[in-house]
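A.B. asks: attaching a predicted model along with its sequence, questions to come.
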Amino acid sequence: MRVIVMFDLPTETSMDRRHYRWFRKYLIDEGFVMMQESIYTKICLNMHAVSKVELNIQKNRPPKGIVQVMNITEKQFASMKLVVGEVDSVNIQSDERLIVL
């Protein structure tokens, strides 16, 4: 399973920027990897792990803005089409459970 977090947070005041940086750092510390600006993804083993991640995001959400969480299977994630741009080699596009680098 993949958990995808998409967020749009205000950055108008210094407190807003602080909350933005704090939330972004929280996601990175929790093992999320940036797919695009304000879109982060994390691999989870099962739905129980996904629900724990969603609960932790709910507990650590910023006070303002929009935060959306979506979960999809690895097969769905691997079938994502690239329309414009280049594939980032950091993100592995595979539905296999064991990948040897």
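C.D. replies: Sure thing, it's come through. Numbering: from 1, shown residues only.

A.B. asks: ok, residue 74 touching residue 1?
C.D. replies: Yes. Using Cβ atoms under 8 Å, residue 74 is in contact with residue 1, at 7.0 Å. All C-beta atoms are positioned from the backbone trio N, CA, C, and that covers glycine.

A.B. asks: which stretches in this structure count as helices?
C.D. replies: 14-29, 47-59, 74-78 (DSSP state H).

A.B. asks: ok, which of the ones you listed comes nearest residue 7?
C.D. replies: The closest of these to residue 7 is helix 14-29. By Cβ to Cβ, the value is 6.9 Å.

A.B. asks: list the contacts of the closest one.
C.D. replies: Contacts to helix 14-29, defined as Cβ atoms under 8 Å, 6 or more residues apart in numbering, come from residues 5, 7, 9-11, 34, 40, 60-65, 67.

A.B. asks: same question, stretch 52-68
C.D. replies: Counting by Cβ under 8 Å, 6+ apart, 3, 5-10, 16, 19-20, 22-23, 26, 30, 42, 44, 69, 71 sit against stretch 52-68.

A.B. asks: mind listing what's buried along it?
C.D. replies: Across stretch 52-68, burial judged by 16 or more other Cβ atoms under 10 Å covers 53-54, 57, 61-62, 65, 67.

A.B. asks: got any residues that touch both of residue 74 and residue 1?
C.D. replies: residue 43.

A.B. asks: let me see the mean pLDDT of stretch 59-78.
C.D. replies: In this model, stretch 59-78 has a mean pLDDT of 93.

A.B. asks: which of the contacts of helix 14-29 fall in strands?
C.D. replies: Among the contacts of helix 14-29, DSSP state E puts 5, 7, 34, 40, 67 in strands.

A.B. asks: kindly supply the ChimeraX command isolating those of those residues that are buried.
C.D. replies: Under the burial definition 16+ other Cβ under 10 Å, those of the ones in strands among the contacts of helix 14-29 that qualify are selected in ChimeraX by:
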select :5,7,40,67
